[in-house]
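Colleague: Sequence plus predicted model, see below.
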Amino acid sequence: MKETGKGKPTKPKAVPDKSKALIVSWDTCVFLAWIKNEARPNNEMAGIQAIAKQIEANKVTLITSALTKAEIYQSRLTKAQRDKYQKFLRRSNVYVLPLDDKLGDLVSEIRDHYESTDFELLTPDAIHLATAIHYEADHFQTFDGANPSRKPREKTKKRCGLLLLDGTKIAGKYEMKICKPDALQMDMLAQLTESLSFEPQPVKQITNGGQKENQSSPDTVPGSASGSPPSETGTKAAEAKAGKSGEAKSEASPQS
């Protein structure tokens with residue numbers, strides 16, 4: 001349990017549920033761009049704002065590593081920026097995820113894999129990537145690698161920037177979409193999620209005792225209580241029963 005400022009314990013957030021919404025993981029640079037409303041090229045801020053809107057509408061779950069809080073120098077933010085950041089983190093669908101033992105092992109695996117390649121992957125970047133992979137994010141969004149003139153710190157390395165890893169398997173085995181925040185793409189994904197989510201609507205069925213409500217299924221056929229079309233045998237039985245009923249009524253009627 002974690003203590004609040006008023007001394008009342010609050011339950012920590014549960015692990016994000018992938019079945020409820022798209023999961024997007026933000027790198028620290030994306031958070032900073034959103035907090036400061038940076039002037040970025042190629043309409044990139046529109047992408048961030050669109051995703052933030054989806055998060056506020058609970059259509060997207062946002063995750064980030066606890067490292068993000070350490071990398072953001074809150075003392076360098078204005079009061080308005082700090083308030084914006086802290087309020088966002090209090091949302092029920094925004095998760096700041098700790099570096100535990102399992103995640104630490106994954107960080108080491110990813111970092112060690114690139115140690116023997118010409119690609120420079122720093123430990124903080126490995127932590128962000130591992131967090132997105134471990135918690136099954138649909139996208140890891142970053143601006144790292146957007147500047148083609150950036151050079152690796154180590155002379156033995158030739159490439160750097162997380163965006164360059166998109167389209168490859170991370171550490172040779174893990175799938176992860178790495179991209180800049182994209183407004184159009186996120187809108188399309190959110191619409192797809194909504195179209196796939198189906199909530200059965202109650203339908204009224206006529207019974208001997210009157211009306212009752214039952215949950216329909218996607219296969220419900222109008223006019224059929226069970227949702228299945230009447231069988232040929234059932235139809236013939238109903239016709240035979242109706243015929244016998246008609247004969248009985250004829251016999252009971254007086255002769256003219």
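Modeller: On my side now, so go ahead. Everything numeric in this text was worked out from a predicted model, so none of it was measured.
Colleague: Give me the neighbour count for the closest residue to residue 145 other than its chain neighbours.
Modeller: Nearest residue to residue 145 in three dimensions, chain neighbours excluded: residue 161, at 2.2 Å (C-beta to C-beta, 6 or more residues apart in numbering). (C-beta placed from N, C-alpha, C; glycine too.) Residue 161 has 20 neighbours, counted by other C-beta atoms under 10 Å.
Colleague: can you give me the strands for this protein?
Modeller: Counting by DSSP state E, the chain has these strands, from start to end: 2-3, 9-10, 22-26, 60-65, 94-97, 119-120, 139-141, 159-160, 177-179, 202-207, 210-215.
Colleague: which residues of the protein score low on pLDDT?
Modeller: The chain contains residues with pLDDT under 70 at 1-14, 18-19, 183-256.
Colleague: can you map out the helices along it?
Modeller: Under the criterion DSSP state H, the chain contains helices at 28-36, 44-56, 66-71, 79-89, 101-115, 123-134, 183-196, 232-252.
Colleague: so how far is residue 20 from the nearest residue to residue 68 once chain neighbours are set aside?
Modeller: Sequence neighbours aside, residue 28 is the residue nearest to residue 68 in space, at 4.7 Å (criterion: C-beta to C-beta, 6+ apart). Going from residue 28 to residue 20 by C-beta to C-beta, to the nearest Å gives 25 Å.
Colleague: likewise residue 26?
Modeller: Counting by C-beta to C-beta, the separation of residue 26 from residue 20 is 18 Å.
Colleague: okay, those two: which has more neighbours?
Modeller: residue 26 (28 against 13).
Colleague: Hmm, the more buried one is touching residue 67, no?
Modeller: No - checked against C-beta atoms under 8 Å, the pair residue 26 and residue 67 is beyond contact range at 11.6 Å.
Colleague: Quick one: end-to-end distance for stretch 95-103.
Modeller: Start and end residues of stretch 95-103 are separated by 15 Å (C-alpha to C-alpha, to the nearest Å).
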